[in-house]
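Peer 1: A predicted structure for the sequence below; I have some questions about it.
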Amino acid sequence: MPKAGAENKQKYQDYSSQLRIHSNRLVRILWKVVGTFFVGLAIIGVFLPLLPTTPFLLLALACYAKSSKKLHRWLLTNKLFGTYLTNYKEGKGIPLWVKILAIIFLWITIGYSAIFLVPIFLGKIILFIIATGVSIHILSIPTLKKKKNNISS
């Protein structure tokens with residue numbers, strides 16, 4: 001059975017022909033810096049639920065698609081994020097446990113902030129509207145179905 005990394009590398013070869021690397025060197029450097037900044041925010045977002053990981057990774061992927069095939073390939077074939085990004089990009093969805101954890105942490109952090117940290121009533125309402133919108137978006141993403149192992153004897 002091929003490893004997930006090998007699978008992602010094969011899928012990457014299909015995507016690489018679609019990349020539009022910018023011709024200006026300075027612009028490519030800028031896209032790389034911005035993409036790396038978004039990867040950093042995504043990593044922080046893994047530990048701080050208030051920061052959304054997936055949107056930052058998708059932004060980084062878009063930045064790398066304009067600046068560097070090497071960095072684009074690195075992100076799509078990354079052990080931690082590669083399969084996740086590929087599944088999202090292909091519209092396959094995200095695992096149910098990721099949806100559940102994202103919504104739980106979202107509401108805990110937004111709820112705590114709204115109740116204990118934000119003194120203005122309008123600010124509290126805005127936070128709850130944001131949490132509702134993000135929850136609706138997460139729930140609208142398809143749920144990734146687990147592959148069944150077909151073992152034939």
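Peer 2: Noted; the coordinates are in hand. Remember, it's a predicted structure, so these values are computed and weren't measured experimentally.

Peer 1: C-alpha from now on. contacts and neighbour counts both.
Peer 2: Fine.

Peer 1: point to the residue nearest the middle of the protein.
Peer 2: In the chain, the centroid-proximal residue (C-alpha atoms, centre = their mean) is Thr54; its distance is 1.9 Å.

Peer 1: which element, helix or strand, includes the nearest residue to that residue once chain neighbours are set aside?
Peer 2: Leaving aside its sequence neighbours, Thr54 sits nearest to Ala42 (C-alpha to C-alpha, 6 or more residues apart in numbering; 7.0 Å). According to DSSP states H and E, Ala42 maps onto helix 25-47.

Peer 1: any idea of the pLDDT on the residue nearest to the centre of the chain?
Peer 2: The confidence metric pLDDT takes the value 78 at Thr54.

Peer 1: contacts only, for the residue lying closest to Ile29 once chain neighbours are set aside.
Peer 2: In this structure, Ile29 finds its nearest non-sequential neighbour in Ser67, 7.0 Å apart by C-alpha to C-alpha, 6+ apart. Ser67 makes contact with Ile21, His22, Val27, Arg28, Ile29, Trp31, Lys32, according to C-alpha atoms under 8 Å, 6 or more residues apart in numbering.
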